[in-house]
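# prediction below, plus the sequence it came from.
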Amino acid sequence: MKQTVLEITSNTALNKNVYKMVLKGDCTAITSCGQFVNIQIEGMYLRRPISVCDYDADSLTLVYKVVGKGTEVMSKMSSGTKLDILLGLGNGYDLSKAGEKPLLIGGGVGVPPLYNLAKKLRGEGKDVSVILGFNTKEEIFYEDEFKSLGCNVKVTTVDGSYGIKGFVTKALPESYSHFYTCGPEPMLKAIYNATTTSGQFSFEERMGCGFGACMGCSCKTVTGYKRICKDGPVLFKEEILWQK
């Protein structure tokens, strides 16, 4: 983990409620796709955790949804604004388990952390399939970005206004070597029940500190309690215990 100051270079709307923010500065503390950052917003006590969409040594891309006061303030920030950010939080995805035909499944704002993962897997020559799930056509984002990486992309919408009608589980292929997923917990649980291989789940959780000190985001696993912010947000299928 590293605390640093990054400068916004662009902050644009992808749809009505989802924004893409690009920042510049020292991002070397980010070492794995699937990690997240924690942003200090002026006038607000708790930092806002946002998943990393893409990164390199000196730039960071965040794709976030306006869901409360913090993200609403973020959506109005302009180029040149400087932000105090904790970088390199969480464990990220393990690419060594991917196999030759990995499957990536994202729902809503669970889509962004899969982008850099897809980029890295394609860079290794993997045959990557991606399922993106949304409620309606108006909510879709990053379909073209995944396609531009050379991924096989399917889109599902709950109302059937675009792509395959239904939930992401309706688009599961017959064959895949390993899966990676991120999204709301009901979707993750459905994927857990529908998939036939091992896989990795990135969980969304309310956080206090974001680096393991407060224990506020602990969850029970087969090996005991783990902190989503530090021991996660990525957990393997085999260690998950679903709350009833």
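Alright, I've got the coordinates.
# now do the closest residue to Arg48 other than its chain neighbours against Met77, distance only.
Ranked by Cβ to Cβ, 6 or more residues apart in numbering and with sequence neighbours excluded, the top spatial neighbour of Arg48 is Gly70, at 4.3 Å. Where C-beta positions appear, they are placed from N, C-alpha and C, glycine not excepted. Here Gly70 is placed at a distance of 11 Å from Met77 (Cβ to Cβ, to the nearest Å).
# any idea of the mean pLDDT for stretch 152-167?
Averaging pLDDT along stretch 152-167 gives 98.
# over to stretch 23-35?
Mean predicted confidence for stretch 23-35 is 96.
# same question, stretch 40-48
91.
# that one: which residues count as buried?
By 16 or more other Cβ atoms under 10 Å, the buried positions in stretch 40-48 come out as Ile41, Arg47, Arg48.
# got it, and stretch 97-105?
Neighbour-count burial for stretch 97-105 [16+ other Cβ under 10 Å]: Lys97, Ala98, Lys101, Pro102, Leu103, Leu104, Ile105.
# and stretch 142-162, by the same measure?
Within stretch 142-162, the residues scored as buried using 16+ other Cβ under 10 Å are Tyr142, Glu143, Glu145, Phe146, Leu149, Cys151, Val153, Lys154, Val155, Thr156, Thr157, Tyr162.
# how about low-confidence regions in the chain?
Counting by pLDDT under 70, the chain shows low-confidence ranges at 204-218, 225-232, 244.
# residue closest to the middle of it?
When Cα atoms, centre = their mean is applied to the chain, the residue found nearest the centroid is Pro113 (2.9 Å).
# for the nearest residue to Val73 once chain neighbours are set aside, give me its contacts.
Nearest non-adjacent residue to Val73, counting by Cβ to Cβ, 6+ apart: Ile41, 5.5 Å away. Residues in contact with Ile41 (Cβ atoms under 8 Å, 6 or more residues apart in numbering) are Arg47, Arg48, Gly70, Val73, Met74, Leu83.
# what packs against the top strand by length along the chain?
Among all segments of the chain classified by DSSP state E, the strand with the greatest residue count is strand 2-13. With contacts taken as 3 or more Cβ pairs under 8 Å, 6 or more residues apart in numbering; DSSP states H and E, strand 2-13 sits against strand 18-24, helix 69-75, strand 82-89.
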